[in-house]
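*Asks:* Have a look; sequence and predicted model below, questions after that.
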Amino acid sequence: NEGTTYVLTQHGFARDMEFTLISEENDEVRYQLVSNEETLKKYPLIALVILFGAISCLAVASAAPIMTNVANPYMLWLKQALYYLLGGILSYIIYKIGQDTLYNHIKTLYMIFIVLLIGLAIDHFAYTKLLHIHIVPLAKFTNGATSWYNIPGFTFQPSEFMKIIMVMYLAKITQEYNERILVKTTDSEIQYIIQVMKISLPPAILIYLQNDSGVMMIIMAAVFFVLLSSGMNKNWFLFIIIIGLIGVLGLAYLFIYQNGIFTSLISGHKLSRIYGWLDPEGTTGNQGLQSWFAQLSYGTAGWFGHGFRAVVKAFPEGQTDFIFSVIATSFGYVGAFITLLAIAAFDVIILSIGLKSDNIRDKTFIMGTFGCLIFQQTWNIGMILGLLPITGITLPMLSYGGSSLLSYMFALGIIIDIDYQNKLRDVKHKQY
């Protein structure tokens, strides 16, 4: 019960209860069971997730009038609330079983999701290039991509979970690399990079073959942050950045001066999105409609917005990719600022947990997950502001969708476990 003092002569914590140190005498250490309020103070991530759940459900409900292609749009927020409930349960289960159990089976998990991705890549090729029918059971084609399995009652997107599983796998090999190689050389770092590519390239290529460039870019961002935390020579990152800039500038040159070559490299749905990004007003009848109508909606919202479920201009995917537009349109700049503040706090807390850890595997996992989050957040808000092309990248923890939310709640269970281990270590240090 709360307020009851527990005496533990074997220094430690019960995993299903949270204690706080209150006194020490000889070899006796006295703890007290903390209240639920104190738990939220000790684990602010939990409080932020509750806040995200409230914002997300409210925004999804507010987007209902513009969901023209969704059955029962006014009830969709309840489904999002259910996803949050399931996500909370998933996080708790992951926390309870411990991350070590997951890492012991990470290769098996990785291979299961590789098989699922192969199925979708094959089906996309068959559906779009050959037979124009689905050959893989339950595969679903939407908005130019075959990234989902249509299971009765919901859709399942393996690529969302793969990004977290891949980060876990990379965290494991990074720990092994640092334990094995005490003095790093160029040759050892090249071997490590090859190992990283062996794990990250297969899912990235398979996801690209599903025509989902958004999740593929998230995976690339995660790999960059994993490498950044691995202890490699920083000159490698300068090299990666230079290569990236050359690639972007090369594509820009081809688009402006060699458009025929550019359109042979990038065509169809991707090319339409680029034209819509560059000239949203001029392409309102087609590619630019989503971006331009969203900008008109939130751009006229003022400090406090047009109001709940207000419609200025209807734009597609308001509940998913453009959820931040709905928040700004309905609740104005104040609502948008509160949301951005919550996102920033969430990221800072996660990063601080990683920096406090003395375990290389935990640090790497958190850096990879942070890379996924910060890239998604930056790109999603950037494309809503018209600064970046629309790629179907959602806003983590806020956009409607079960696979994305559950994948991050899966990661959150591991992060809370890492935070728990940090706190346990700190208390033990105080004891000694």
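*Replies:* Looks like it came in fine.
*Asks:* Can you list the buried residues in the top helix by length along the chain?
*Replies:* What stands out as the longest helix in the chain, according to DSSP state H, is helix 323-356. For helix 323-356, the neighbour count (16 or more other C-beta atoms under 10 Å) marks 323-332, 335-336, 339, 342-343, 346-347, 349-351, 353-354, 356 as buried. Bear in mind the C-beta positions are built from the backbone N, C-alpha and C, glycine included.
*Asks:* other SSEs contacting that helix?
*Replies:* Judged by 3 or more C-beta pairs under 8 Å, 6 or more residues apart in numbering; DSSP states H and E, helix 323-356 is in contact with helix 44-62, helix 289-299, helix 360-384, helix 402-431.
*Asks:* between that helix and helix 360-384, how big is the angle?
*Replies:* Orientation check (axes from the mean of the first three to the mean of the last three C-alpha atoms, to 10 degrees): helix 323-356 against helix 360-384 gives 160 degrees.
*Asks:* for the record, mean pLDDT for helix 323-356?
*Replies:* In this model, helix 323-356 has a mean pLDDT of 95.
*Asks:* Show me the strands in the stretch 51-200 of the chain, by range?
*Replies:* Counting by DSSP state E, counting those that start in this stretch, the segments of the stretch 51-200 of the chain that form strands are 139-142, 145-151, 154-156.
*Asks:* and the angle from the longest helix of the chain to helix 44-62?
*Replies:* Put simply, helix 323-356 runs at 170 degrees to helix 44-62, going by the same axes, to 10 degrees.
*Asks:* from the middle of its chain, how far away would helix 323-356 be?
*Replies:* 14 Å (C-alpha atoms, centre = their mean, to the nearest Å).
*Asks:* ok and it relative to helix 402-431, angle-wise?
*Replies:* Using the same axes, to 10 degrees, the direction of helix 323-356 lies 30 degrees away from that of helix 402-431.
*Asks:* quick one: contacts for residue 156?
*Replies:* By C-beta atoms under 8 Å, 6 or more residues apart in numbering, the contact set of residue 156 is 148, 149, 402, 403.
*Asks:* per-residue pLDDT, it?
*Replies:* According to the model, residue 156 scores 93 on pLDDT.
*Asks:* any idea how far it is from residue 220?
*Replies:* Per C-beta to C-beta, to the nearest Å, residue 156 is found 23 Å from residue 220.
*Asks:* Same question for residue 272.
*Replies:* From residue 272 across to residue 220, the span is 22 Å (C-beta to C-beta).
*Asks:* before we move on, what about residue 369?
*Replies:* Distance of residue 369 to residue 220, given as C-beta to C-beta: 15 Å.
*Asks:* cool, and residue 344?
*Replies:* Residue 344 sits 23 Å away from residue 220, going by C-beta to C-beta.
*Asks:* cool, residue 228 as well?
*Replies:* Going from residue 228 to residue 220 by C-beta to C-beta gives 13 Å.
*Asks:* Kindly report the same for residue 312.
*Replies:* Distance, residue 312 to residue 220, using C-beta to C-beta: 35 Å.
*Asks:* same question, residue 290
*Replies:* Using C-beta to C-beta, one gets 24 Å for the distance from residue 290 to residue 220.
*Asks:* of these two, who's got more company?
*Replies:* A side-by-side neighbour count of residue 290 and residue 220, using other C-beta atoms under 10 Å, places residue 290 first with 22 against 15.
*Asks:* mind listing what that one touches?
*Replies:* By C-beta under 8 Å, 6+ apart, the residues touching residue 290 are 276, 315, 316, 317, 322, 390.
*Asks:* One more: residue 334?
*Replies:* Residues in contact with residue 334, defined by C-beta under 8 Å, 6+ apart, are 303, 304, 305.
*Asks:* Keep only those of those residues that are in strands.
*Replies:* With strands taken from DSSP state E, there is no overlap with these.
*Asks:* wait, which of the contacts of residue 156 is closest to residue 264?
*Replies:* For the contacts of residue 156, the residue nearest residue 264 by C-beta to C-beta is residue 148; the value is 28.8 Å.
*Asks:* That closest one is in contact with residue 154, isn't it?
*Replies:* No - the pair residue 148 / residue 154 is not scored as a contact, 9.6 Å apart, by C-beta atoms under 8 Å.
*Asks:* Look at the two and report which has more neighbours.
*Replies:* Applying other C-beta under 10 Å to residue 148 and residue 154 shows that residue 148 carries more neighbours, namely 22 against 14.
*Asks:* quick one: the more buried one and residue 192, what's the gap?
*Replies:* Going from residue 148 to residue 192 by C-beta to C-beta gives 34 Å.
*Asks:* Would you confirm that residue 309 contacts residue 58?
*Replies:* No - shown here, residue 309 and residue 58 do not form a contact pair, counting by C-beta under 8 Å, at 10.4 Å.
*Asks:* Helices of the stretch 151-300 of the chain, start to end?
*Replies:* 158-180, 186-209, 213-228, 235-257, 259-265, 268-278, 289-299 (DSSP state H, counting those that start in this stretch).
*Asks:* Can you add distance to residue 44 and give the ones you listed back as JSON lines?
*Replies:* Below are those laid out as JSON lines (distance: least, C-beta to C-beta, whole Å):
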{"stretch": "helix 158-180", "distance to residue 44": "21"}
{"stretch": "helix 186-209", "distance to residue 44": "31"}
{"stretch": "helix 213-228", "distance to residue 44": "22"}
{"stretch": "helix 235-257", "distance to residue 44": "31"}
{"stretch": "helix 259-265", "distance to residue 44": "45"}
{"stretch": "helix 268-278", "distance to residue 44": "36"}
{"stretch": "helix 289-299", "distance to residue 44": "29"}
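*Asks:* Of all those helices, which one is nearest residue 69?
*Replies:* With respect to residue 69, and counting by C-beta to C-beta, the nearest of the helices of the stretch 151-300 of the chain is helix 289-299 at 12.8 Å.
*Asks:* So for that closest one, what gets flagged as buried?
*Replies:* Using 16+ other C-beta under 10 Å as the test for burial, helix 289-299 gives 289, 290, 291, 292, 293, 294, 295, 296, 297, 298.
*Asks:* go on, stretch 70-89?
*Replies:* For stretch 70-89, the neighbour count (16+ other C-beta under 10 Å) marks 70, 73, 76, 77, 79, 80, 81, 83, 84, 87, 88 as buried.
*Asks:* what's the answer for stretch 127-137, then?
*Replies:* Neighbour counts over stretch 127-137 (16+ other C-beta under 10 Å) mark 127, 134, 136 as buried.
*Asks:* correct me, but the last one touches residue 122?
*Replies:* Yes - using C-beta under 8 Å, residue 136 and residue 122 qualify as a contacting pair, with a distance of 6.2 Å.
*Asks:* unless I'm mixing things up, residue 393 is touching residue 216, no?
*Replies:* No - at 10.4 Å, residue 393 does not count as touching residue 216 under the criterion of C-beta under 8 Å.
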